[in-house]
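A.B. asks: need a 3D model of the following:
(2 chains)
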Amino acid sequence: MISDRVRSNLTNEFRKSLLPKIGVALLLIIVFAAVFAPLLATHDPTRTGYYNDDGQAYPPIGTSYETEISQDGEFVGVTVESTDEHVLGTNTVGQDVYSRALYGARVSLIVGVLGVLLAVAIGVPFGLIAGYYGGRVDNGLMRIADVMLAFPALVLALALIGVFGESPVLVPDPLVVLFSAQSEITLPLVDVEVGLPTALVAIDFLEGMPGAIPIPGTVTIVSALVTWVWFARVARGEALSLRSEEYVKAAKSFGASNPRILRQHILPNSLTPIIVLATIQVAVIILLEASLAYLGFSGTTLSWGYEIERGQSVLRRRPWVAVVPGIGIMLAVIAVNLLGDWFRDALDPNVDSTNRGL
Amino acid sequence: MSVGKFLAQRLLFGIFVVWGVITIMFGLRAVSPGDPATLMLGEGASEDLIRRVREAEGLDEPIYIQYFDYVSGIVRGDFGFSWQSSREVEFMVIERIPATLELAVAATVVALVIAIPLGVISATRRNEPADYGATGFSLLGISTPNFWLGLMLILIFGVWIGILPTGRRPVGFAEALLILAQTGSPSELVTWLRYISLPAITLGTYFTALITRLTRSGMIDELGKPYVTASQAKGLPNVLIRYKHVLRNTMIPIVTVVGLQVGTLMGGAVITETVFNWPGLGLRLIDALDTRDWPLMQGIIVFIAIAFVAINIVVDALYNTLDPRVGAE
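C.D. replies: Predicted coordinates for the structure are as follows:
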């Protein structure tokens, strides 16, 4: 599917410019953080109550802040020092900010990628059929798409979540599950009193990490429902121009059926702009998920957006609670956008990168 | 095709789109869980009361009758009553329009004023520091979640530097203007301006970034065209070529995109209004969602759809002016 020309265009563009390199490096770091979150995290991201002796949240390492605590009915000013235990401090309910930022990357990336795959699955066939058949089919289908466009994505998402509820889906953590399964098999074989065999040191790292994390189910589906229309538009445009190509006419003259032509000829040849758009839409959906979580409609608390909402009320004294997850979102979105720009510049200068639709 | 016929066609199509939105919203409400009468009256309401409300609201009628009632109501400008406050939805929408409109216009102004010069500079000084700066800024702008940007602005300008207020605004634009007209004192207008700056920047940044990118790439395309070389050969000054001819041609796709992004602007307004407690439609929409106040929610969303369609018709008309070739097709 990836032709030599495409590959050489991609490599040339990558060599020529600095931005794709930054994007790929950034994305690799974020994906690494998301995949190995249970190993990299220092604390269970959902565990609350990491406070100092005065019951105050820790600031990030190397910083301190002033606050007031009530002592014997009087307010006394105290200085809260950081601790090496919590690199980026703890939040309002005493959760480790660093560990939550790592897990937040998981939720963002999973929702972004799944949402886009779903949007492609709806939008591409829709658009291809409209463009290929043209005429009345095209008119009817694209009018539906136009109605969808009149809904602001965020507003439609909010309305849909209002109807279908938030329904978070618990997704087992493969790393944790894998190692715990191994420990279950191994444990009876060793004398428990002797302790764990050294081969299972990894479990030490994973100890206390959640076995499953909640992924916002409705948000994933809803992000697809509000972005598919952009894929439909692009796919339609491609099908419209491809259907009069010689090879399509040739296939037709050989008696190929319409579904076969769509699958074998039109779809593979319209993939490039769809891939470019898909990359950019991952960024859009990450932002959409963060916004919904910020507004409290996501259904999961393990999300960068939700974390920012929690930091809002303590912005003055404990700004890191909101600052850290925000930087997380920004880096993830920058990485994906740079990747999208790279694909667009290398593969198809004519794709409208502005069809963001959020 | 004449301009009149063109506009009539767009209008007809706009009505179709709004009808579609109304129908989808009605459908969503019909499949949403929870009995409307119970939602309206609260959990503790007596059966008799619930029955009477169901009757009065026509909730026992077949679904197509309810649908017909709802659509014909909207056509007459009757959006029903809010379940929470029992007030007429159309008034609850109208009273919130000015604040949102002020915010949206201010954000658009911020975006256009910064983005177009930035895009032009970036395109005409390619691969110079100014271009890198503009490109970096626009990348940051499209990648920053606006609610977080808003909070950071509050933190920097409201808390650390402390030069701009961050609370709920005490005065609207119309009131401030009225006071200016009556007393000649611009102090209220200054207050209004101080309160709207941070929300406008918050909402406008994404657009600034987007339009900068569009202007840059559009200008670069246009600058390579033969008519530019011809104008230069003719001895036209570069400033004239850039701003009169090239920029004008670049504006055509930008205007289209800006029109389509009105939806994004409305979505962004919902978030920005939440961050700054701005008394607009977005904040009211969030309230309506929180309390499952369907008539209010539908009213606001249908209104947003109408606004979207209207703005896009205006954009189409603008398009005609910018590019006379379009209308003829």
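
A.B. asks: from chain A, how far off is B:P98?
C.D. replies: Distance, B:P98 to chain A, using Cβ to the nearest Cβ, to the nearest Å: 19 Å. To be clear about C-beta, it is placed using only N, CA and C from the backbone, and glycine gets the same treatment.

A.B. asks: pLDDT value on that residue, please?
C.D. replies: Here, the pLDDT recorded for B:P98 equals 91.

A.B. asks: next: A:G123.
C.D. replies: The predicted local confidence for A:G123 is 94.

A.B. asks: quick one: which helix or strand includes it?
C.D. replies: In this structure, A:G123 is located in helix A:97-133 according to DSSP states H and E.

A.B. asks: again, but for A:V171
C.D. replies: Assigned by DSSP H and E, A:V171 falls in strand A:168-172.

A.B. asks: buried set for that strand?
C.D. replies: A:P168 (16 or more other Cβ atoms under 10 Å in any protein chain shown).

A.B. asks: likewise for stretch A:230-249?
C.D. replies: For stretch A:230-249, burial by neighbour count (16+ other Cβ under 10 Å) applies to A:230-240, A:242-243, A:248.

A.B. asks: then it to PDB, C-alphas only?
C.D. replies: Listed in PDB are the C-alpha atoms of stretch A:230-249, where the atom choice follows Å, rounded to 0.1, in the frame of the first residue of the first chain:
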ATOM      1  CA  TRP A 230     -14.800  15.700   7.800                       C
ATOM      2  CA  PHE A 231     -13.700  12.300   6.600                       C
ATOM      3  CA  ALA A 232     -16.800  12.100   4.500                       C
ATOM      4  CA  ARG A 233     -16.100  15.400   2.800                       C
ATOM      5  CA  VAL A 234     -12.500  14.400   2.000                       C
ATOM      6  CA  ALA A 235     -13.400  10.900   0.800                       C
ATOM      7  CA  ARG A 236     -16.200  12.300  -1.300                       C
ATOM      8  CA  GLY A 237     -13.900  14.700  -3.000                       C
ATOM      9  CA  GLU A 238     -11.400  12.000  -3.800                       C
ATOM     10  CA  ALA A 239     -14.100   9.600  -5.100                       C
ATOM     11  CA  LEU A 240     -15.600  12.300  -7.200                       C
ATOM     12  CA  SER A 241     -12.300  12.900  -9.100                       C
ATOM     13  CA  LEU A 242     -11.200   9.300  -9.200                       C
ATOM     14  CA  ARG A 243     -14.300   7.900 -10.700                       C
ATOM     15  CA  SER A 244     -13.500   9.400 -14.100                       C
ATOM     16  CA  GLU A 245     -10.000   8.000 -14.100                       C
ATOM     17  CA  GLU A 246      -9.100   5.700 -17.000                       C
ATOM     18  CA  TYR A 247      -8.400   2.700 -14.700                       C
ATOM     19  CA  VAL A 248     -11.800   3.000 -13.100                       C
ATOM     20  CA  LYS A 249     -13.400   3.000 -16.500                       C
END
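
A.B. asks: quick check, that stretch touching chain B?
C.D. replies: No. Where contact is defined by Cβ under 8 Å from any Cβ of the partner chain, no part of stretch A:230-249 touches chain B; the two come within 10.1 Å at best.
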